[in-house]
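> I would like the atomic coordinates for the input below:
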Amino acid sequence: MRILITGISGRLGRRVAQRLRRHHEIIGVDRRPCPALPTDVVHHRVDLRRRPAEDVFRNSNVDAVIHMGVVHNFRIPAEKLYARNIISTETLLNYVSKYGVKKLVLLSSGDVYGPSPQNSHFLNEEAPLLASQRFPEIRALVAVDRMVQSFFWKYPDIETVILRPSFIVGPNVRNAPSKYFGLTVVPTLMGFDPMVQLIHEDDLLRMMEASLQPQLRGVFNLTSTPPVPLSRIVKILGKPTVPVPAFVAKALLERAWRYRLTSFPAPELDHIRYSTVLDTSRARRELNAEPERSLYEILEPFRVDGRTDEAG
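Below you'll find the model as predicted:
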């Protein structure tokens, strides 16, 4: 199978390419340089919104697309980020339908549901996507997810898959959960102990590969671990905690964000206040890829007596 990966220059994108190249021909599209790719992976340094990207589809006879090119940089102004992601995805979907691509996989996120005190205990794939109500910066990711859902219904002959993983953790991931667990002293919010699910990047890669199987389509919540209280995770880490009132934490983060002293936008605090617990029964039934990493294995690099080189 000839697979085109958008966002291949990211750490996770490179790992996806390295895994899939064992059995497939891989083409990457990313406007950024992509060092250390295997020589048999073709990288086109083009912007999806520009005409040269269409030439890649026209000339490559692509069988499947994995869309990982959604930009998550919250330092980019919200309106500019929204327009960039929406136009890129609209353009990509046009190429997929125009050039006979048989399979489309979107790597979305469980974040699209949004942490909220009104969340039911387990959110299935039909739950509303409410993240942008409390976290406007994530509006682009929600919009891309909804756009691909619409594409799913508009083009039933194209096998469209949307993957919504819980918090991704691993040695090649530099996201908010990894930075939070890597802190020397872990701040918590007074009066809150949300249920948390994690997925190791290796399990995610396995599930992404499984999503390419013929006839599979639909939306899938993904996780490695059952939900556990945040307090249990911090206890496993073996690190001291500092309970902080929510209003104080928000004010401090907003000020630090304004002066570029932190990479955590204040709305991220909702993830350590409210639960977003995913129902993954559909993935267990249909995806044929069971998670292999335990909670302790996932947290090992962040433990005080383990490797701490992922912190910061």
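> where do the strands sit along the stretch 151-300 of the chain?
Read by DSSP state E, counting those that start in this stretch, the stretch 151-300 of the chain holds these strands, from start to end of the chain: 159-165, 167-169, 186-189, 195-196, 198-200, 218-222, 228-229, 241-244.
> what sits up against the second one?
Okay, so that is strand 167-169. For strand 167-169, the surrounding residues in contact (Cβ atoms under 8 Å, 6 or more residues apart in numbering) are 12, 110, 175, 177-178, 181, 196-201, 204, 271, 298-299. C-betas here are computed from N, CA, C, even on glycine.
> dump the residue contacts of the spatially most central residue of the chain.
In the chain, the residue lying closest to the centroid (Cα atoms, centre = their mean) is residue 109, at 4.5 Å. By Cβ under 8 Å, 6+ apart, the contact set of residue 109 is 141, 164, 165.
> Kindly reformat these as TSV containing neighbour count and distance to residue 282.
What follows is the contacts of residue 109, written out as TSV (neighbours: other Cβ atoms under 10 Å; distance: Cβ to Cβ, whole Å):
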residue	neighbour count	distance to residue 282
141	23	20
164	25	11
165	26	13
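> export those to a markdown table and tack on pLDDT?
Below are those laid out as a markdown table (pLDDT from 0 to 100):
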| residue | pLDDT |
| --- | --- |
| 141 | 89 |
| 164 | 97 |
| 165 | 96 |
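> quick revisit: which of the contacts of strand 167-169 fall in helices?
12, 177, 178, 181, 201, 204, 298, 299 (DSSP state H).
> still on that earlier bit, where's the residue nearest to the centre of the chain relative to residue 232, distance?
23 Å (Cβ to Cβ, to the nearest Å).
> that older thread, save the strands of the stretch 151-300 of the chain as TSV, and put in distance to residue 52 too.
Listed next are the strands of the stretch 151-300 of the chain as TSV, based on distance: least, Cβ to Cβ, whole Å:
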stretch	distance to residue 52
strand 159-165	25
strand 167-169	31
strand 186-189	46
strand 195-196	42
strand 198-200	34
strand 218-222	32
strand 228-229	47
strand 241-244	49
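> Residue 130: which of the ones you listed is closest?
Of all the strands of the stretch 151-300 of the chain, it is strand 159-165 that lies closest to residue 130, at 13.5 Å by Cβ to Cβ.
> The closest one packs against which elements?
Contact analysis of strand 159-165 by 3 or more Cβ pairs under 8 Å, 6 or more residues apart in numbering; DSSP states H and E lists strand 103-107, helix 139-154, helix 201-210, strand 218-222 as its packing neighbours.
> quick one: what helix or strand has the residue in the chain sticking out farthest from the centre in it?
What lies farthest from the middle of the chain is residue 59; by Cα atoms, centre = their mean that is 29.4 Å. Secondary structure assignment for residue 59, by DSSP states H and E: helix 51-60.
> got a list of what residue 274 touches?
So residue 274 contacts 115, 116, 117, 119, 192, 194 (Cβ under 8 Å, 6+ apart).
> ah, wrong one, I meant residue 97
Residue 97 touches 151, 155, 158, counting by Cβ under 8 Å, 6+ apart.
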